[in-house]
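Trainee: build me a model from this:
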Amino acid sequence: MATNGAVLDSVGPRCSYAQRVRSSLVWMLDFAKALSARGLEDVFPTFESHAEGFLSRASVPAVGAEPLRMRNDWGEDYQRLRPALHALLERSRNEGFSQYGSLLDGQLSSIVKVIGAEGGDYPPGLGATTIEPGKNMSQFHRDLLGDTRWRHVVPGSLHFETLRFAVNVLYYDITRSGVRFWHRYWMAFMLARLGEEITGQSALDRIRSIDSWAWPDGLARLT
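Mentor: Got it, this is the predicted structure:
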């Protein structure tokens, strides 16, 4: 999946850092919308997984933050930014894709081909995912490992591997736009909280409520 330099130029050096973060949030909402007709409602558990994985083991000397303090600070950030995040989501629902979102939506079928739709043969490094228990594992991931259906069906499936590949490209592009790496997880945390609020479900409850693992439907329609 190739990124478009013109898209990244639109959030180039002349943009303030806040504008880059806002553009990245729009890209993340576009990512969710490209993967599922329900958008963030289906995809926010992915963002929850990334945020929780980071917070369970993060210590960022550059910002002087430890995991517990960071989680509390991020929770306060969400409460402060709720109106702006809801407005951003509403705009995403009512408008078409951004330039980046259009590029991503158009290349999903290419991502499926890269992963290996035939026979489930994945490129090296993109094989079945495992989550190994450890002292720094988040409670979210401990509970996810306890879900038998998820553990035996999802890791290594075409849909999951495609999702992992696509989200890694998304995060790579966000980094290229000039957003600090830990801010990716901050944005994931914001969108996970927003997803919980609009669905009335935790990420785990949302995962457990999905009838078919052939999701998101944006991927199902391509396979």
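Trainee: ok, Gln19 to Ser177 distance?
Mentor: 10 Å (C-beta to C-beta, to the nearest Å). Heads up, the C-betas are built off the backbone N, CA and C, glycines and all.
Trainee: those two: which has the busier surroundings?
Mentor: Ser177 (22 against 14; other C-beta atoms under 10 Å).
Trainee: does Phe181 touch Thr175 like I think?
Mentor: Yes - between Phe181 and Thr175 there is a contact under C-beta atoms under 8 Å: 6.3 Å.
Trainee: quick one: buried residues of the longest helix seen in the chain?
Mentor: Counting by DSSP state H, the longest helix found in the chain is helix 67-94. Residues of helix 67-94 classed as buried: Pro67, Met70, Arg71, Trp74, Tyr78, Leu85, Leu88, Leu89, Ser92 (neighbour count, 16 or more other C-beta atoms under 10 Å).
Trainee: all helices of the chain, in order?
Mentor: Using DSSP H, the helices of the chain run over 5-9, 17-35, 40-55, 67-94, 99-115, 139-145, 148-153, 158-176, 181-199, 203-209, 217-220.
Trainee: got a markdown table for those helices, with mean pLDDT too?
Mentor: Putting the helices of the chain into a markdown table (pLDDT from 0 to 100) gives the following:
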| stretch | mean pLDDT |
| --- | --- |
| helix 5-9 | 46 |
| helix 17-35 | 90 |
| helix 40-55 | 90 |
| helix 67-94 | 91 |
| helix 99-115 | 72 |
| helix 139-145 | 83 |
| helix 148-153 | 70 |
| helix 158-176 | 82 |
| helix 181-199 | 94 |
| helix 203-209 | 84 |
| helix 217-220 | 45 |
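Trainee: so which elements touch the longest helix of the chain?
Mentor: Packing partners of helix 67-94 (3 or more C-beta pairs under 8 Å, 6 or more residues apart in numbering; DSSP states H and E): helix 17-35, helix 40-55, helix 181-199.
Trainee: what's the angle from that helix to helix 40-55?
Mentor: Angle, helix 67-94 to helix 40-55, by axes from the mean of the first three to the mean of the last three C-alpha atoms, to 10 degrees: 160 degrees.
Trainee: distance of the closest residue in space to Gly75 that isn't next to it in sequence relative to Ser177?
Mentor: With sequence-adjacent residues excluded and distances taken as C-beta to C-beta, 6 or more residues apart in numbering, Gly75 is closest to Arg193, at 7.7 Å. Distance, Arg193 to Ser177, using C-beta to C-beta: 23 Å.
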